[in-house]
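K.L.:
Next come a sequence and a model predicted from it.
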Amino acid sequence: MNERDIVRIGAWVVARGLKGGDESVLLRQFCEMCCEAGLPVDRGIVVIDTLHPTYEGRAFRWRSDTLLEEPLIRYGSTRDGEAALSWQRSPLYHLFHAGLSELRHRLDPGLDLPFPILETMRGDGITDYYAMIQRFGRAGIIGEMDCVFSQWTTKRSGGFTEEDLEALRRLVPPLALAVKCASLADIAETLVEVYLGKDAGRRVLDGRITRGVSDRISAVLWFSDLRGYTRITDTAPPDEIIPLLNDYAEAVISAVYEAGGDVLKLIGDGTLAIFRADDPAEACRCALKAEADLRRRVRELNARRTREGRAQTGVYLGLHIGEVLYGNIGSESRLDFTVVGPAVNEVSRIASMCRSVDREVLFSAAFAAATPDPERVRLVSVGRYALRGVGRAQELFTLDPELI
């Protein structure tokens, strides 16, 4: 690879990093350009940790042959178990903890190799292995995302030349920076969706962050909380409370998301969610689908927790439909993207009435009226009730026990 190619590919990486996009595509195009310019890379891997509630990081992979290989791997925690052992036996672990910037191993036949993965590579015909680490400064670290690892291998007889390695030393740092930029965008999207909800998160990332900016929308409102939560917290061991909340929150949130809803807020054991559709009847149908899915999930969850000898409970649910303000509320330094309005107060009061009428789910009259057939025939009145903080008594509905 000559100087002109190094400059050209380096400029392309910078432009591609500024443009953004899929890191797997970035790596593939980078490797293909390097090969065309005479750098004999047969495999390339770039690894970066992330900030995600499930995944510890991601690895992007490319190889020049036709063997199928997933270009993206999301990996979980490497702190314990088999994953920890595999990580500790890897060249990258040694590279990181030894404070090195690069690591090279020729894979000639007969040479003793210090890492099991290198033995595997040699068996695949790899002749040379080269790994690099680009470490971030303190101000550039987010969580455990503190560096970018990369691995480069060749099958060429004699391995990489010093000119090949020097080209990688010049080209990989801008590649690592481009991957970091893309990963930061992925982290931002993950965080806003996890903490604000999918729709609210997308709106924030689209720039809807000005205080007081809101939309007036019509939506089905969902408010649920746990049956007997206060009693459970008074009697259960303290270290069981968070696992219990997580188990039932998983059931509620999964049911809402699977039916097309969006969770806006978790309030202790309570969940506020919305369902939106161009047709109100469709939004009601989606909410009822989520309710049925929730009951199935709770039954399965309670069966598992019973086998484990742990506390079980149920979920009270109120459903209402109405007009709300959807947007940013708060101070200049702390905003919440949520819904507000009388309808929000009403749905929480409807959910709290479940205890009084001994029903797991209650619907407002407005929700019942908007529910289409054949679902509407399953709804039966439980009478009129005065709701605290609501000016007039409301007729409430539930599911006909004989049709559940």
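P.N.:
On my side now, so go ahead.

K.L.:
Pull out the buried positions in stretch 385-393.
P.N.:
Within stretch 385-393, the residues that qualify as buried are 385, 387, counting by 16 or more other C-beta atoms under 10 Å. Every C-beta, even on glycine, is put in place using the N, C-alpha and C of the backbone.

K.L.:
nope, stretch 363-373 is what I meant
P.N.:
363-364, 366-368, 370-371.

K.L.:
same deal with stretch 187-205?
P.N.:
187, 190-193, 196-197, 199-201, 203-205.

K.L.:
What of stretch 2-16?
P.N.:
Buried, per 16+ other C-beta under 10 Å, within stretch 2-16: 5-6, 9-10, 12-13, 16.

K.L.:
Return the subset of the buried residues of stretch 363-373 lying in helices.
P.N.:
366-368, 370 (DSSP state H).

K.L.:
just those now: which is nearest residue 394?
P.N.:
residue 366 (8.8 Å; C-beta to C-beta).

K.L.:
Could you check how far the closest residue in space to that closest one that isn't next to it in sequence is from residue 384?
P.N.:
Closest residue to residue 366 apart from its sequence neighbours, by C-beta to C-beta, 6 or more residues apart in numbering: residue 321 at 5.1 Å. Residue 321 sits 18 Å away from residue 384, going by C-beta to C-beta, to the nearest Å.

K.L.:
In terms of packing, which of these two has more residues around it?
P.N.:
For residue 321 versus residue 384, neighbours defined as other C-beta atoms under 10 Å are more numerous around residue 321 (26 against 11).

K.L.:
Wait, that one touches residue 218, no?
P.N.:
Yes - in this structure, residue 321 is within contact of residue 218 by C-beta atoms under 8 Å, at 7.1 Å.

K.L.:
what touches both of these two?
P.N.:
residue 280 (C-beta atoms under 8 Å, 6 or more residues apart in numbering).

K.L.:
Pass me the low-pLDDT residue ranges in the protein, would you?
P.N.:
403-404 (pLDDT under 70).

K.L.:
in it, which spans are strands?
P.N.:
Using DSSP state E, the strands found in the chain span residues 43-49, 57-63, 72-75, 102-106, 128-135, 147-154, 214-226, 262-267, 270-275, 315-330, 335-340, 361-364, 379-385, 394-399.

K.L.:
Burial check on the residue lying closest to residue 327 once chain neighbours are set aside, number of neighbours?
P.N.:
Spatial nearest neighbour of residue 327, excluding adjacent residues (C-beta to C-beta, 6+ apart): residue 214 at 2.6 Å. By other C-beta under 10 Å, the residues close to residue 214 number 19.

K.L.:
doesn't residue 328 make contact with residue 214?
P.N.:
Yes - in this structure, residue 214 is within contact of residue 328 by C-beta under 8 Å, at 6.7 Å.

K.L.:
now the residue nearest to residue 327: how far from residue 262?
P.N.:
In terms of C-beta to C-beta, residue 214 sits 16 Å off from residue 262.

K.L.:
Would you mind confirming that residue 197 makes contact with residue 261?
P.N.:
No - if you go by C-beta under 8 Å, residue 197 and residue 261 don't touch, sitting 9.3 Å apart.

K.L.:
Could you tell me how far the residue nearest the centre of the chain is located from residue 215?
P.N.:
Central residue of the chain (C-alpha atoms, centre = their mean): residue 190, 5.1 Å from the mean position. Noted for residue 190: a distance of 24 Å to residue 215, by C-beta to C-beta.

K.L.:
got the angle for the lengthiest helix in the chain vs strand 335-340?
P.N.:
For the chain, the helix with the greatest residue count under DSSP H is helix 162-196. Using axes from the mean of the first three to the mean of the last three C-alpha atoms, to 10 degrees, the inter-axis angle of helix 162-196 relative to strand 335-340 is 40 degrees.

K.L.:
buried ones in helix 162-196?
P.N.:
Per 16+ other C-beta under 10 Å, helix 162-196 contains these buried residues: 164-165, 167-168, 171-183, 186-187, 190-193, 196.

K.L.:
For it, name the packing helices and strands.
P.N.:
Counting contacts by 3 or more C-beta pairs under 8 Å, 6 or more residues apart in numbering; DSSP states H and E, helix 162-196 packs against helix 3-19, helix 23-36, strand 43-49, strand 128-135, strand 147-154, helix 198-205.

K.L.:
tally of neighbours for the residue nearest to residue 310 when sequence neighbours are not counted?
P.N.:
Distance criterion C-beta to C-beta, 6+ apart; nearest residue to residue 310, sequence neighbours excluded, is residue 240 at 6.6 Å. A total of 14 residues lie near residue 240 under the criterion other C-beta under 10 Å.

K.L.:
Residue 240 contacts residue 312, doesn't it?
P.N.:
No - between residue 240 and residue 312 there is no contact under C-beta under 8 Å: 11.6 Å.

K.L.:
about what we covered before: between the buried residues of stretch 363-373, which is closest to residue 345?
P.N.:
residue 364 (12.0 Å).

K.L.:
Which residue, other than its chain neighbours, is closest to that closest one?
P.N.:
That would be residue 320: by C-beta to C-beta, 6+ apart, it lies 4.2 Å from residue 364.

K.L.:
how far is stretch 33-42 from where the chain is centred?
P.N.:
How far stretch 33-42 lies from its chain's middle: 35 Å, per C-alpha atoms, centre = their mean, to the nearest Å.

K.L.:
residues making contact with that stretch?
P.N.:
Applying C-beta under 8 Å, 6+ apart, the external contacts of stretch 33-42 come out as 1-2, 5, 9, 12, 31, 63-65, 126, 152-156, 160, 164, 167-168, 171.
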